[in-house]
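Asker: Mind looking at a prediction? Sequence and model below.
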Amino acid sequence: ERSQEMATGSSNRVARMIATGLALVAWMAFCVPAIAQDDLHTLESLRLQLDEQARRISALEQPSNGPTGPPLPTAPAYWEETLPIERRMESTPGTTEFLGETEPRFLDTPSHPSSPRITGRLHLDYWSFPDSSPGINQIEPENPDLPPEDRFELRRLRIGVRGTVAPRNVSYQMDIEYSNTENLEVRDAWIAWNDLPVFNTLRAGNQKRLYGLDDLNSSNFMVFMERPLIVDAVNDPNRRLGLASYGVSKDQVYNWRFGSFNMVPLEQSGEIPGNDFQFEYDARLASTPWYTSAGDKYLHLGLSTVFAFPSANPDSTMAQFRTRPEARSTNHWLDTGPIGGSQSYQLLGNECVLNLGPVQIGGEYIFVWLQRNQQSGTDLFFQGSYLYASYFLTGEHLPWNREMGVLGRVKPRSDFGTTHDQGGHGWGAWQLAARLSQADLNDSDIFGGKGQSATFAINWYWNSHSRLQFNYLVGQIDNRLALNSNGGSNIVSGNYQILGTRLMIDF
């Protein structure tokens with residue numbers, strides 16, 4: 001019996017050993033290959049990284065065979081903004097390779113050759129109305145006894161992305177405006193094809209219309225806090241869905257834009273419903289016939305034109321011209337209202353800028369001719385202009401983007417709060433500016449008002465991407481049809497004073 005028990009125990013131990021051995025073999029059969037495969041993946045990833053490092057070192061040792069052409073600006077302060085995005089992304093060394101190789105390799109559809117860049121701007125405003133007459137009060141709070149309200153405002157709170165995709169002949173830009181807390185608004189949202197014959201760069205999507213200098217200048221670079229009366233009056237809001245071509249001559253003396261746009265804005269809705277389409281055809285030709293190598297002395301000349309065909313229906317027509325008082329107010333202080341019976345209108349604008357070191361003088365004159373059908377009244381004529389001068393107390397100048405025909409980014413000689421070469425701390429750049437502006441939106445039976453304004457500005461640039469602005473405005477409005485407290489309307493006139501402050505940064 002003892003021998004039998006020992007034999008039985010020995011058999012059980014042998015069975016357990018066999019079962020354990022089979023389990024170990026099964027584990028090795030299934031798990032070891034997986035571990036080995038992971039190790040192989042790791043080794044392969046390391047090999048690829050070493051190969052890439054070797055390729056980059058080899059590329060650095062080879063002479064550059066990049067595209068030839070006119071020299072590109074090298075000043076880092078405004079390099080990112082003084083060229084159109086299509087040229088910047090193609091000309092920035094290493095952008096594509098660096099951004100592409102950082103993408104995870106396990107993505108199903110990696111986009112290694114793309115070059116996205118996040119952008120944004122934040123403009124914080126405070127506006128005060130220290131003096132206004134009863135006529136102005138009737139326009140703004142619609143009560144002659146109450147002055148316009150002071151306000152803090154998120155003027156712009158914008159986030160976007162821009163870049164190119166392989167083989168870098170297609171670029172894009174998408175910006176969303178968050179300052180309207182009730183509805184997000186679309187700003188730039190377009191796709192561009194670059195290096196095309198005849199059309200050069202072709203953009204399709206929501207973009208700025210081609211309405212002259214001050215409207216095309218970036219809000220990050222404007223000398224004054226708000227655009228002139230006539231500029232906003234003919235282009236509010238200034239972006240539309242369209243197809244436009246952008247080009248520049250090889251010597252950058254000439255640049256041009258032309259395209260077609262739907263006149264109905266889609267910033268808030270994202271769509272243009274209905275079958276009553278309203279189209280316009282825009283063009284702008286600009287030139288810098290004189291431009292020194294240092295870029296601090298130049299002459300700019302430009303001409304823009306528009307042929308628009310709005311709807312005759314007063315409930316949907318885009319034949320309306322309106323503007324705020326070169327400041328942020330609730331209502332538009334000059335406003336023709338929708339002009340029913342409109343068949344077409346034409347716009348002609350001419351512009352000129354002369355820069356001599358720290359001094360710049362510029363201005364525009366814009367004319368509008370509008371045709372109506374016989375049942376609605378006679379044809380109409382509106383016009384407006386502005387003239388400004390600026391001076392840098394600290395010796396800087398306003399850079400010029402010759403490819404696009406607009407202002408560039410200011411680079412202070414010494415950033416605020418930093419130590420400069422001569423010792424001590426920098427004070428940034430200080431700029432003084434003044435502007436005279438006028439717009440006449442009265443003709444025949446249309447009483448949009450006549451406005452005149454004088455603006456005095458101080459700009460303190462802390463560095464190339466942030467600054468503080470101060471504006472003081474004195475203005476007058478005459479013969480403006482405005483609503484009254486009785487539910488009717490009457491012609492009013494008045495004068496006003498406005499103070500504005502803006503803290504701004506962009507990236």
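Answerer: Ah, there it is.
Asker: Give me the secondary structure label for the residue nearest to the spatial centre of the chain.
Answerer: With distances taken as C-alpha atoms, centre = their mean, residue 218 lies nearest the centre of the chain, 5.9 Å away. Following DSSP: H, G, I helix; E, B strand; the rest coil, we place residue 218 in the coil state.
Asker: Hmm, it is touching residue 410, no?
Answerer: No: Residue 218 is beyond contact range of residue 410, at 11.8 Å (criterion: C-beta atoms under 8 Å). Using the backbone N, CA and C atoms, a C-beta is placed for each residue, glycine as well.
Asker: Measure how buried the residue lying closest to residue 150 once chain neighbours are set aside is and give me the count.
Answerer: Of all residues not flanking residue 150 in the chain, residue 128 sits nearest, at 4.7 Å (C-beta to C-beta, 6 or more residues apart in numbering). Applying other C-beta atoms under 10 Å, we find 14 residues neighbouring residue 128.
Asker: can you check residue 225 too?
Answerer: Residue 225 has 24 neighbours, counted by other C-beta under 10 Å.
Asker: how about it, what does it touch?
Answerer: Taking C-beta atoms under 8 Å, 6 or more residues apart in numbering, we find residue 225 in contact with 125, 326-327, 457, 469, 471, 500, 502.
Asker: Just flag the most distant two among these.
Answerer: For the contacts of residue 225, the maximum inter-member distance is 13.9 Å, found between 125 and 457 (C-beta to C-beta).
Asker: mind pulling up the phi and psi values for residue 285?
Answerer: The phi and psi torsions at residue 285 (degrees, to the nearest 10) take the values phi -120, psi 130.
Asker: Apologies, that question was intended for residue 270.
Answerer: Phi and psi for residue 270, reported as degrees, to the nearest 10, are phi 80, psi 10.
Asker: Who does the residue lying closest to it once chain neighbours are set aside form a beta bridge with?
Answerer: The shortest distance from residue 270 to any non-neighbouring residue, by C-beta to C-beta, 6+ apart, is to residue 186 (6.2 Å). Listed by DSSP bridges, the beta-bridge partners for residue 186 are residue 176.
Asker: measure residue 186 to residue 173 for me?
Answerer: When distance is defined by C-beta to C-beta, to the nearest Å, residue 186 is 11 Å away from residue 173.
Asker: Looking at those two now, which is surrounded by more residues?
Answerer: When residue 186 is set against residue 173 and neighbours are counted by other C-beta under 10 Å, the residue ahead is residue 173, at 22 against 19.
Asker: tell me the contacts of residue 368?
Answerer: When contacts are taken as C-beta under 8 Å, 6+ apart, residue 368 is in contact with 234, 321, 345-347, 380-383.
Asker: Would you mind listing which of those residues are buried?
Answerer: For these, a neighbour count by 16 or more other C-beta atoms under 10 Å gives the buried set as 234, 321, 345, 347, 380, 382-383.
Asker: Sitting in strands, which of these do you find?
Answerer: The subset of the buried ones among the contacts of residue 368 located in strands under the criterion DSSP state E comprises 345, 347, 380, 382-383.
Asker: next SSE after the worst-scoring helix or strand of the chain on mean pLDDT?
Answerer: Taking all helices and strands of the chain together, the one with the lowest average confidence (mean pLDDT, DSSP states H and E) is helix 95-101, at a mean of 39. The helix or strand immediately downstream of helix 95-101 is strand 117-132, counting by DSSP states H and E.
Asker: What are the buried residues along that following strand?
Answerer: Residues of strand 117-132 classed as buried: 117, 119-125, 127, 129, 132 (neighbour count, 16+ other C-beta under 10 Å).
Asker: ok, these vs residue 392, which is closest?
Answerer: Set against residue 392, the nearest of the buried residues of strand 117-132 by C-beta to C-beta is residue 123 (21.6 Å).
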